[in-house]
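Enquirer: here is the input, now give the coordinates:
(one chain, ligands or ions: 1)
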Amino acid sequence: MDINVVNALTYEDFVKLFGNVVEKCPLISAAIWSHRPFKDLADIEAHITEFILSLPDSGKEGILRCHPDLAGRDLQSGTLTRESQEEQSQAGMTTLDSAEVLQMYRLNSEYKERFGFPFVICARLNKKADIVGQLSERLKNDRAVERERAIEEVKKICRLRLRNIVLSDIQTKL
Ligand SMILES: NC(=O)N[C@H]1NC(=O)NC1=O
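Expert: Numbers count the residues shown, from 1 in each chain. Below is the predicted model of the structure:
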């Protein structure tokens, strides 16, 4: 994908294309559009990171709360975003047996009860066993540490989603 094509996009098309690089947070792409022209994809990523890190803790937690649970209700009812569906599928979350679904439900609930936001991890970079292990492990963190840890995962998810957009045909997404 040519960065000049991206830089020529209207904000409507830019948000349509990049609006879900951070799950259900199109506000972020709408905000960084004004930083055009971008040098390259890494520059877009840097602006997204800068925006996220500039938020107060409540804003960062708001971003986390826009994420669906792994193997949660949205997956069961088929209401995940296309990106999240692909990611959860790659991590093996769509083929859990009923005992594993129950285990995820319990751990996700415990996590949300403790922190007030859902457990977020870059599913593409983790297999099923790693996700369960990390979920149990990160439950031990204190809230501030865990908030930053989860935001790091949001950045990883964002990087891979951006890369996916570049590799695919821009026209098919507009
Ligand atoms: N809760 C959570 O981590 N959700 C996600 N992770 C990921 O890679 N895609 C998601 O939707």
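
Enquirer: what is the neighbour count of Gln103?
Expert: The tally of other residues near Gln103 (other C-beta atoms under 10 Å) stands at 16. Glycine gets a C-beta too; all of them are placed from N, C-alpha and C.

Enquirer: so it, which state does it fall into?
Expert: helix (DSSP: H, G, I helix; E, B strand; the rest coil).

Enquirer: you'd agree it is up against Val132?
Expert: Yes. Contact criterion C-beta atoms under 8 Å: Gln103 and Val132 qualify, at 6.8 Å.

Enquirer: what sits up against stretch 132-149?
Expert: Applying C-beta atoms under 8 Å, 6 or more residues apart in numbering, the contact partners of stretch 132-149 are 57, 60-61, 64, 103-104, 107-108, 110-111, 114-117, 119, 121, 126.

Enquirer: now for Thr49: which residues touch it?
Expert: By C-beta under 8 Å, 6+ apart, the neighbours of Thr49 are Lys155.

Enquirer: how about a cut-off of 10 Å?
Expert: Thr49 makes contacts with 32, 151, 154-155, 158-159, as judged by C-beta atoms under 10 Å, 6 or more residues apart in numbering.

Enquirer: returning to what we had before: for PyMOL, write a command that selects the buried ones of the contacts of stretch 132-149.
Expert: Buried residues among the contacts of stretch 132-149 (16 or more other C-beta atoms under 10 Å), as a PyMOL selection:
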select buried, resi 60+61+64+103+104+107+108+111+114+115+117+119+121+126
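
Enquirer: out of the contacts of stretch 132-149, which sit inside helices?
Expert: With DSSP state H as the criterion, helices contain 57, 60-61, 64, 103-104, 107-108, 110-111, 114-115 from among the contacts of stretch 132-149.

Enquirer: thanks a lot, see you next time.
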